[in-house]
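> sequence below, structure please.
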Amino acid sequence: MSSVTFVDSLRSLSPEGKPRDLLLRTAEILDSWRPGQVVLLTAPTGYGKTTLSLSLANAVISGNRELAERVIHVLPLRSIGDDLFIKAERAFRGLKPFRKYVGLQHMGRMDSPLLGRRFNITTLDTFVLSFFKLPPYELHKVVNKYDAHYEVSRGFILSSLVVFDEVHLFLTETKSATAFVTSLESLVESNVPVVLSTATLPVSHLEELRKRVEAKGGELLVVGPEADDSPKRQVRVVPFTGDWLDKAKELSKEKSLLIVTNTVKRAVEFFKDLKNSGLSPLLLHGRMTERHRQNVLSRVLGEDRAMSPGTILVATQVIEAGVDISAGSMITEVSPVESLLQRMGRVARYEGESGEVYVIRSSDNVYEGEKVDEAWKMVENGKLEVPQGDVLKLNNSLHRALWELHRNVFTGSKTALKLLEEECSFTRSGELIKVVPEERLASLDEGDYLALERGTLKRAKDKIVGGLRRGPEGVERVQLSEDFYRILEGGDPPCLSLWMMRNRIDSLVVKGYDEEVGFVG
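Now for the predicted structure:
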């Protein structure tokens, strides 16, 4: 038995060696883990849940391989993974060479292609493809009639401790919920230790997960949220119907201000209105390159991850989960209550802080009207609570197909590819396409890519000016055929990303990327 227990490791990474109660209880369960156990850690935003994964990884790297050979931390968004990787660099400052042990793996980054490092940070879509026999870094081989080393990535996963972070976000869309639930069931049946982490999981979803874990012979252990060691902070929520711009000017005089919108379009509008009024805001959303996003966050955040007084950041939902940021005040468009609670967690995030959240109506909403109206009523009544929740919606045919891929040793990557050709994605209703701004081609590296939804590209097709193809001599620019534009508009075959792979097009080139606002389309 290794002398470095998970509890020991957690204490070594906690301030003054005193870990928070819920994290300590989770580490204790893992130190005495029994096959089939799944730990659901429910703790408020700002509690420091990511410290748990860092401590688990630290124990494994230090030689504790009794429970697992590695830790895989699965997240819903690439931006959260980027942030966690930076935290890992700080936490493991003395680890040499760092990238031998820690890898960030998603569409824009390939540190650990088969998830074999001791600590792997990845996204749900990358994890699901790797688990169900289509490792992303070899997907182009399968598309072009070759085999993939899928059992290597599956072997790495099945010998890991898997942490699913921000679980509530996996359950917001039918496909991602289906892929997550099938992954969870498969891991439980295979006796893989699993930790689920969340701040706002509806009761109905919790009970559905419990039922499914128990159906596979497992046990769901809920840790939290009754502990009284949560950060002592005061956040006042106010329904606001006045002029948001006047309120923004007022709030930013003494405190930092975070403004959260429901769409990229609205974020850009707010950003421009603030600039035209003489203020100096920054902007953050999902249609920015990784380099651009990191540059914005580095300008916004201090060493303690708090925004400096007078700083104004306008952001979309990318700020809701996992991005460790603390603002003095907030103006946010109304959204479903789970989303609002996550946004509130970005205000007065730490012990002893206080702040205000002003909630405004939105004229451009991407959410269901009924859920938004319910949230607005809660704001007016001054009490935000996670609702019981709707029945968890799954795609039964996709669930059966993924389960069969896991259980049947005679199915391989080619069978998985047929399913992917039908679905285009196992985790989302639309496709994400890898894109690079034309303006970055002269000095292109891994931080210059972004992922755009197919619908965004369809609306902005006049800004697509070619593609990039990787060859033995490096990257070359290629023209796009009429077939590309036909498929983009909805022609056969339905999956644009797979068509690009078959034609060895690594990414698209778009013009009009703005260094302040990103790609608006």
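> what sits up against the top helix by length along the chain?
Assignment by DSSP state H gives helix 174-189 as the longest helix of the chain. For helix 174-189, contacts defined as Cβ atoms under 8 Å, 6 or more residues apart in numbering pick out 36, 38, 76, 124, 127-128, 131, 157-158, 162, 164, 167, 169-171, 194, 196, 209, 212-213, 215-218, 392-395, 398-399, 402-403, 406, 423, 425-429. Every C-beta, even on glycine, is put in place using the N, C-alpha and C of the backbone.
> make a PyMOL selection of the buried ones in these.
Buried residues among these (16 or more other Cβ atoms under 10 Å), as a PyMOL selection:
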select buried, resi 36+38+76+124+127+128+131+157+158+162+164+167+169+170+171+194+196+209+212+213+216+218+392+394+395+398+399+402+403+406+423+425+426+427+428
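> the contacts of helix 174-189 in helices, which ones?
Those of the contacts of helix 174-189 lying in helices (DSSP H): 124, 127-128, 131, 157-158, 167, 169-170, 209, 212-213, 215, 398-399, 402-403, 406, 423.
> residue 102 reaches residue 88, doesn't it?
Yes. Using Cβ atoms under 8 Å, residue 102 is in contact with residue 88, at 5.3 Å.
> who touches both of these two?
57, 119, 121.
> and those residues as CSV, adding secondary structure and distance to residue 332?
Converted to CSV, the shared contacts of residue 102 and residue 88 look like this (DSSP: H, G, I helix; E, B strand; the rest coil; distance: Cβ to Cβ, whole Å):
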residue, secondary structure, distance to residue 332
57, helix, 33
119, strand, 33
121, strand, 28
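> got the domain ranges for this structure?
6-223, 234-381, 430-521 (automatic domain parsing).
> just say which of the ones you listed is most tucked in.
domain 6-223 (a mean of 20; mean count of other Cβ atoms under 10 Å).
> for the spatially most central residue of the chain, grab phi and psi.
What sits nearest the mean C-alpha location of the chain, by Cα atoms, centre = their mean, is residue 77, with 1.9 Å. With angles defined as degrees, to the nearest 10, residue 77 sits at phi -130, psi 140.
> measure it to residue 500 for me?
Per Cβ to Cβ, to the nearest Å, residue 77 is found 23 Å from residue 500.
> where in the chain is the helix or strand with the lowest mean pLDDT?
strand 109-110 (a mean of 82; mean pLDDT, DSSP states H and E).
> residues contacting that one, please?
137, 290, 446.
> swap in 6 Å and give it another go.
residue 137 (Cβ atoms under 6 Å, 6 or more residues apart in numbering).
> will you turn the shared contacts of residue 102 and residue 88 into CSV that also has pLDDT and distance to residue 250?
Formatted as CSV, the shared contacts of residue 102 and residue 88 follow (pLDDT from 0 to 100; distance: Cβ to Cβ, whole Å):
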residue, pLDDT, distance to residue 250
57, 97, 44
119, 97, 44
121, 96, 39
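> how about those residues in JSON lines, adding distance to residue 493?
Shown next, in JSON lines, are these (distance: Cβ to Cβ, whole Å):
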{"residue": "57", "distance to residue 493": "40"}
{"residue": "119", "distance to residue 493": "38"}
{"residue": "121", "distance to residue 493": "32"}
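> returning to that earlier point: relative to residue 399, how far out is the residue nearest to the centre of the chain?
23 Å.
> ok, now residue 116?
On the measure of Cβ to Cβ, residue 116 and residue 399 end up 28 Å apart.
> try residue 374
29 Å.
> what does residue 499 give?
27 Å.
> before we move on, what about residue 136?
21 Å.
> run through the stretch 201-350 of the chain and note the low-pLDDT ranges.
Low-confidence segments of the stretch 201-350 of the chain (pLDDT under 70): 226-233, 302-305, 321-322.
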